[in-house]
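Asker: predicted structure and sequence below. I'll ask about it afterward.
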Amino acid sequence: MDPKSLETMYAEVESEFQRSTYPEDFPALPDLAAARYFDPEFYRLEMEHVFRKTWLCVGHASQLPQKGSYRLFEQFDQSIILSRGTDDTIRAFKNACRHRGAALVTQPEGVAKRFICPYHAWGFSSEGELKSVPEAHNFACLNKADKPLLQVRCETWRGFIFINFDENAGPLAEFLGPLTTQIDDFPIDGMVVKRVLDVEIDCNWKTAYDNFLEIYHVNTVHAKTLSPYLESKSFTISLFEGGHARFVTRKRGGQSFFSAGHDEATPDDFTTRFRDHVFALPCFPNSFTALDPVGFNWQTFWPKGPDKMVMSNMLMGWPRDDDEDTKFWETMLENQQTVLAEDIGLFPTIQRSYKQGDITDVVLSFQEQFIYWYNEEIDRKIGADNVPPALRVKPILAPHVKG
């Protein structure tokens, strides 16, 4: 981050910390229709226009540590093989044999020289090429070169793996451009996945996602876990194009939930801003992370239906592998589970209130503005004319987008 932008950021954080009235130049946020969180037709529109046409974070390169490594991504009725080829390139394939469509891979992860179909033993390379067909002489016109695994667009960003089911989508680098410049001096490329935690919850994916997009609840819900580390009044929001954003919050005493007691694990080349502030990046449509020099949790929120979802947590740290580090991350996983439990217990009750009509509208404060912003982006992806009139979000925040 250039010095002028850094100076502006610090000034904005201080201004927010001192603010005691609603900003004069910011509009009052209209209520969101609660039906956006349970309506089956709106859910269908999200699946068609958002999740099948947007770049989605599905893992990390460190989860494919060697040539031939693979992992399965299986969310919202998709089954995708993430494979590191012999050329060291990470690709994504439909988990379907080109003969009769049987799933090639059934184990969640592993290493394989070839993917062998369990039905008729067709064999595919880690690059997706059809290499072997038993009794090939019985196929009159089979050309193996014509039957590779069906590929899904796959690109990486700072070590994170993204896929897109839309062949006509723009490049990942362009999509994430607004976020890239925010952390250009954070050496995120050198980090690895330390632990993974998936949690299925009885609520809409947005019901859970919204919780991590504001700090208003932290002093109440996390009074003993997160609140002691954060100056919540300093929480500053920068909205970006594409439904992304940046949150900056001043740390109390220069420590965070992650760093406390483990600061020696932090590389020496971190700039001051990451040591004294938490930088959080919501990535449209369904990812969120709050960066810390010791490590952080990259979260994704996957829909399983209008009233069910899976929250996936990748705990990211440095490639250290000794007893002390193992103990630290086991403890950190337990701590994360404790904090998440404080949130997760609320989500089904919120979902019930939405669905039963106990509340018909979702009220948002200034500090919850990003919830409104990403809902605006959902409607842009769907096309406002395709959204039922009662569920539409009025576009009002574009004048407040940065850069």
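Answerer: Alright, I've got the coordinates.

Asker: only C-alpha atoms from now on, for both contacts and neighbour counts.
Answerer: Fine.

Asker: number of nearby residues for Tyr216?
Answerer: If you count neighbours by other CA atoms under 10 Å, Tyr216 ends up with 16.

Asker: helix/strand/coil for it?
Answerer: With DSSP: H, G, I helix; E, B strand; the rest coil as the basis, Tyr216 sits in coil.

Asker: now it: closest residue in space, sequence neighbours ignored.
Answerer: Distances taken as CA to CA, 6 or more residues apart in numbering put Gln367 closest to Tyr216, at 7.1 Å, once the chain neighbours are dropped.

Asker: could you report the pLDDT at that neighbour?
Answerer: Gln367 is assigned a pLDDT of 97 by the prediction.

Asker: who's Thr289 bridged to?
Answerer: Beta bridges link Thr289 to Leu281, Trp298, judged by DSSP bridges.

Asker: going forward can the numbers begin at 48, since that is how I track them
Answerer: Okay, using 48 as the starting number, the last item reads as Thr336.

Asker: ok, it to Cys330 distance?
Answerer: Distance, Thr336 to Cys330, using CA to CA, to the nearest Å: 8 Å.

Asker: re the thing from before, was I right to think the residue nearest to Tyr263 contacts Ile262?
Answerer: Yes - if you go by CA atoms under 8 Å, Gln414 and Ile262 touch, sitting 7.4 Å apart.

Asker: so for the two, which residue has more residues nearby?
Answerer: Neighbour count, other CA under 10 Å: between Gln414 and Ile262, Ile262 has more, with 21 against 15.

Asker: how much space separates that one from Val440?
Answerer: Ile262 sits 23 Å away from Val440, going by CA to CA.

Asker: more neighbours: Thr336 and Cys330, which one.
Answerer: Legend: neighbour count by other CA under 10 Å for Thr336 and Cys330, higher for Cys330 (25 against 21).

Asker: contacting residues around the more buried one?
Answerer: Leu223, Leu226, Gly290, His291, Ala292 (CA atoms under 8 Å, 6 or more residues apart in numbering).

Asker: so the fourth one bridges to which residues?
Answerer: This means His291. On the basis of DSSP bridges, His291 is bridged to Phe287.

Asker: now do whichever strand or helix holds Leu362, average pLDDT.
Answerer: Per DSSP states H and E, Leu362 falls inside strand 355-364. With pLDDT averaged residue by residue, strand 355-364 scores 97.

Asker: distance from it to the middle of the chain?
Answerer: Put simply, strand 355-364 sits 8 Å off its chain's centre (CA atoms, centre = their mean, to the nearest Å).

Asker: sheet-wise, list the partners of that strand with their directions.
Answerer: Strand pairing for strand 355-364, determined by DSSP bridges: strand 239-248 (antiparallel), strand 343-352 (antiparallel).

Asker: for the first one, which positions count as buried?
Answerer: Of the residues in strand 239-248, those buried by neighbour count under the rule 16 or more other CA atoms under 10 Å are Val239, Val240, Lys241, Ile248.

Asker: ok, the third one to Asn190 distance?
Answerer: If I follow you right, that is Lys241. Counting by CA to CA, the gap from Lys241 to Asn190 is 43 Å.

Asker: and if you look at the second one?
Answerer: Val240 sits 40 Å away from Asn190, taking CA to CA as the criterion.

Asker: for the worst-scoring helix or strand of the chain on mean pLDDT, packing partners?
Answerer: When the helices and strands of the chain are scored by mean pLDDT, DSSP states H and E, helix 319-323 comes last with a mean of 82. Helices and strands touching helix 319-323, as assessed by 3 or more CA pairs under 8 Å, 6 or more residues apart in numbering; DSSP states H and E, are absent.

Asker: check which residues of it are buried.
Answerer: By 16+ other CA under 10 Å, the buried positions in helix 319-323 come out as Arg320, Phe321, Arg322, Asp323.

Asker: what residues are up against Phe287?
Answerer: If you count contacts by CA under 8 Å, 6+ apart, then Phe287 has Pro225, Arg293, Val448, Lys449, Gly450 around it.

Asker: which one (most neighbours) among those?
Answerer: Among these, the one with the most neighbours (other CA under 10 Å) is Pro225, at 21 neighbours.

Asker: correct me if wrong: it contacts Glu288.
Answerer: Yes - contact criterion CA under 8 Å: Pro225 and Glu288 qualify, at 7.0 Å.

Asker: which residues in the stretch 98-247 of the chain form strands?
Answerer: 103-107, 116-120, 127-131, 137-141, 156-158, 161-163, 170-172, 177-179, 198-204, 207-211, 239-248 (DSSP state E, counting those that start in this stretch).

Asker: contacts only, for His447.
Answerer: His447 neighbours (CA under 8 Å, 6+ apart): Phe73, Leu286.

Asker: what residue is smack in the middle of the chain?
Answerer: Averaging the C-alpha coordinates of the chain gives a centre point, and the residue nearest to it by CA atoms, centre = their mean is Ser334 (2.0 Å).

Asker: circling back to that earlier point, which one of the buried residues of strand 239-248 is nearest Trp376?
Answerer: Taking CA to CA as the measure, Trp376 lies nearest Lys241 of the buried residues of strand 239-248, at 7.0 Å.

Asker: wait, isn't the closest one in contact with Asn360?
Answerer: No - between Lys241 and Asn360 there is no contact under CA under 8 Å: 10.6 Å.

Asker: please consider this matter closed, and thank you.
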